[in-house]
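# Here's a sequence, model it:
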Amino acid sequence: MIAAIKPAGSNTRGLLAYLYGPGRHDEHLDPHLIAAFAMLGMPDPGRDEHATLTELGHHLDEPVRLRNSEFGKPVTDHVWHCPVRAAPEDRYLSDTEWGEIAQRIVQAAGIAPEGDDLACRWIAVRHADDHVHILATTVREDGRRPKLHDSGIRVGDACREIEKDYGLRRLKKGDRTGTRRPTQAEMHKSERLGWEQTSREWLQDRVRAAIPHATSTEELLAYLEADDILVKRRRGPSGDLLGYAVGRPGDLNKDGEQIYHPGGKIAPDLSLPKLKARLETSTPEEHPTARRNRPATAWHQATEALNTLHTEMTGTSADDGGDARAQAHITALGELIEATAQKAPADIRAQLHAASRTFARAQRSQIRAEDRAAHALRSAARDIVNTDTGPDGSALAALTAALLWAAILAARWHEAKEHAHQADAARQAVQHLQSAADDALSPTLTELAVRPSKEEIRRILANDVRAAVPEHAERILSDPGWPALATVLAEAEAGGHKPHQLLKEAAARRELGTAHRPARVLITRIQHTSRNPAPNRRAEAARLRSTTASAFSAPSPSIQPPMTTTAPTSRPGRPRR
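Residues are numbered from 1 along each chain as shown. Down below sits the predicted model:
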């Protein structure tokens, strides 16, 4: 059940005309009164042919007129409007049940507290099966204004209790970190203009896509302007940036003026203070050209950076600031997903963009993030968006698999903290990342199938699997991806790595109990770990001995041999007799 409190209005009679009228698309059927502050003698234009809207409006506005006649400054924001809607799958609710629900809503909001005989006047009108409208005038019978601060939070809590009491679909409790839902006017406008998204939704995607490209808010706004986003800055007398707003080209008001949306109104975490905390860390950043000089390693470095996420998600506690660091890593994880989506091949880009869009809700919670803790992840995202070339197949497969595991950890962490909305968003992102990871690994599996390992080698490697991960061995060996994993292990062993050790390390990085295809998980992890040949220990020891011996035998440049004044008794190189 959703109760959406609308902005305060000033025309009681006008709102009544809408509630009792046919609706914009003739969708209002049998409008009638179902509850009110005092039902006895209350005019109902829907059921009483002699009652009028003007009479009903006059009755509701009486305390407002009395206050305005006594005080010099009139009240003009006195119309409180709250539609209350049930879910499509909910059962039919009778007029009596809707009346009880409306009573509980106005009590929770502070419009008419229980037992208060001097509360505001209100009515509830029903003109459809699935929702009602509550209208109140926010001047009490004693002339005072009601206390409506945080009324939306209290009404939301009341709706959760109503859902439980009436056996309705139970929604998640709000935490004041969500974005505002598009209004009907915004949706009608985007439909009229042929836009797939409302302006605020479109702008949110553009701002989030720009974040990995910037190291400061000034850079971010400059990047948005270069991307044809309209930007309006608010500066103080000193020239410091105090705020910003962005506009979508072609989004005009009725007077033909450009509409701008402040960042904090687009999404809570896109306000200027929040963006400054995320972008302007104390660690100096490299110039983008320095990042472009190492495109081949950016993808592997991002995978390595994700390894720290497991420690932050599981190895810290709230007492030592672990929650703040964990939230910071989850926020930066969203930036890394977005960066990967921008540079990934076209065949998986759509899934990664969908994952980035849904994961945005998981990037913010009531826990304040310690953004500096996630510098490595954020730097990895910037490195990726500044590379000139895409990844090779194994690097992309390893990174998407690591992103998938990181999103799973984020969902578990949010669930443990009872962040219902964030956990749900992370789980939705996991589904998109799973599809992307499967598609990214597919070319690698095809390539490995061309060069299968011998059956004898595969049997030996199977023993390594049973010894390294005995609790998962049978699932791995029966996985259709086992022949490909055996090839990866055999090639890693040829490069000097030990299969047994690689398997243990991979299993420690990513638990296999919840993996649907454990062999695939191990392929990406082991390919990433064994991408470089293992160092030859004997050669390294010989090199070290040689270096040490040279250091001892060479004379120090700062110490000269002593000078002698006596002639030598024999020639150099000849033995004495």
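# And the next helix or strand past the helix of greatest length in the chain?
In the chain, with assignment by DSSP state H, the single longest helix is helix 420-450. Using DSSP states H and E, the next helix or strand after helix 420-450 towards the C-terminus is helix 455-468.
# Which of the residues in that following helix are classified as buried?
For helix 455-468, burial by neighbour count (16 or more other Cβ atoms under 10 Å) applies to 458, 461, 462, 464, 465, 468. Bear in mind the C-beta positions are built from the backbone N, C-alpha and C, glycine included.
# related to what we said a few turns ago, let me see the mean pLDDT of the longest helix of the chain.
Averaged over helix 420-450, pLDDT sits at 94.
# roughly how far is stretch 373-390 from the heart of the chain?
Centre-to-centre, stretch 373-390 and its host chain are 18 Å apart (Cα atoms, centre = their mean, to the nearest Å).
# CA atoms of that stretch as CSV?
The C-alpha trace of stretch 373-390 is given here as CSV (Å, rounded to 0.1, in the frame of the first residue of the first chain):
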residue,chain,number,x,y,z
ALA,A,373,38.6,4.0,2.2
ALA,A,374,37.5,3.0,-1.3
HIS,A,375,40.2,4.9,-3.2
ALA,A,376,41.6,1.8,-4.9
LEU,A,377,38.2,0.8,-6.4
ARG,A,378,37.4,4.4,-7.5
SER,A,379,40.9,4.7,-9.1
ALA,A,380,40.3,1.4,-10.9
ALA,A,381,37.1,2.7,-12.4
ARG,A,382,38.9,5.8,-13.6
ASP,A,383,41.7,3.8,-15.1
ILE,A,384,39.1,1.7,-17.1
VAL,A,385,37.2,4.7,-18.5
ASN,A,386,40.5,6.3,-19.5
THR,A,387,41.9,3.2,-21.4
ASP,A,388,42.0,3.5,-25.2
THR,A,389,41.5,-0.2,-25.8
GLY,A,390,39.1,-2.9,-24.5
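# got the contact list for stretch 123-132?
The contact list for stretch 123-132 (Cβ atoms under 8 Å, 6 or more residues apart in numbering) reads 19-20, 23, 27-37, 42, 46, 56, 60, 83-86, 88, 90, 92, 95, 98-99, 101-102, 133-136.
# quick one, phi/psi of residue 235?
When read as degrees, to the nearest 10, the backbone of residue 235 gives phi -120, psi 150.
# So it versus residue 194, what's the distance?
Plainly put, residue 235 is 36 Å away from residue 194 if you go by Cβ to Cβ, to the nearest Å.
# coming back round to it: for the buried residues of helix 455-468, which one is nearest residue 313?
Lowest distance from residue 313 to those (Cβ to Cβ) belongs to residue 468, with 24.1 Å.
# Skipping adjacent residues, who's closest to that closest one in space?
residue 503 (3.7 Å; Cβ to Cβ, 6 or more residues apart in numbering).
# Tell me which helix or strand the one you found sits in.
Assigned by DSSP H and E, residue 503 falls in helix 499-509.
# now residue 408
helix 393-416.
# buried sites along that helix?
Using 16+ other Cβ under 10 Å as the test for burial, helix 393-416 gives 393-414.
# and it, what does it pack onto?
Contact analysis of helix 393-416 by 3 or more Cβ pairs under 8 Å, 6 or more residues apart in numbering; DSSP states H and E lists helix 295-314, helix 322-343, helix 346-359, helix 420-450, helix 518-529 as its packing neighbours.
# re earlier: can you list the buried residues of helix 455-468 in CSV and add distance to residue 243 and pLDDT?
Converted to CSV, the buried residues of helix 455-468 look like this (distance: Cβ to Cβ, whole Å; pLDDT from 0 to 100):
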residue, distance to residue 243, pLDDT
458, 63, 93
461, 60, 94
462, 63, 95
464, 60, 94
465, 58, 94
468, 56, 94
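# List just the nearest of these to residue 303.
Taking Cβ to Cβ as the measure, residue 303 lies nearest residue 468 of those, at 21.1 Å.
# list the contacts for that closest one?
For residue 468, the contacting residues are 499, 500, 501, 503, 504, 507, by Cβ under 8 Å, 6+ apart.
# repeat that for 10 Å
476, 498, 499, 500, 501, 502, 503, 504, 505, 506, 507, 522 (Cβ atoms under 10 Å, 6 or more residues apart in numbering).
# Same check on residue 419?
So residue 419 contacts 172, 175, 177, 327, 361-362, 364-367, 410-411, 413, 425-426 (Cβ under 10 Å, 6+ apart).
# For those residues, work out which two are farthest apart.
In the contacts of residue 419, the most distant members under the criterion Cβ to Cβ are 172 and 327, with 18.4 Å between them.
# With neighbour numbers in mind, choose between the two.
Using other Cβ atoms under 10 Å, the more surrounded residue of residue 172 and residue 327 is residue 327, with 29 against 14.
# I'd say that one and residue 309 touch.
No. With contact defined as Cβ atoms under 10 Å, residue 327 does not reach residue 309; the gap is 11.8 Å.
# so what sits against both of these two?
When contacts are counted by Cβ under 10 Å, 6+ apart, residue 327 and residue 309 are jointly contacted by 374, 410, 413.
# Just checking, which of these comes out lowest on pLDDT?
Minimum pLDDT across those falls on residue 374, with 90.
# Let me know how buried that residue is, in neighbour terms.
Around residue 374 there are 29 residues (other Cβ under 10 Å).
# just the helices in the stretch 51-200 of the chain please.
Along the stretch 51-200 of the chain, counting by DSSP state H, counting those that start in this stretch, helices occupy 53-60, 62-70, 95-109, 151-166, 184-193, 199-210.
# export those to a markdown table and tack on distance to residue 241 and mean pLDDT?
Listed next are those as a markdown table, based on distance: least, Cβ to Cβ, whole Å; pLDDT from 0 to 100:
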| stretch | distance to residue 241 | mean pLDDT |
| --- | --- | --- |
| helix 53-60 | 46 | 95 |
| helix 62-70 | 42 | 92 |
| helix 95-109 | 37 | 97 |
| helix 151-166 | 30 | 94 |
| helix 184-193 | 27 | 92 |
| helix 199-210 | 15 | 97 |
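# Let me know which of the ones you listed is the nearest to residue 145.
Nearest of those (Cβ to Cβ): helix 62-70, 8.8 Å.
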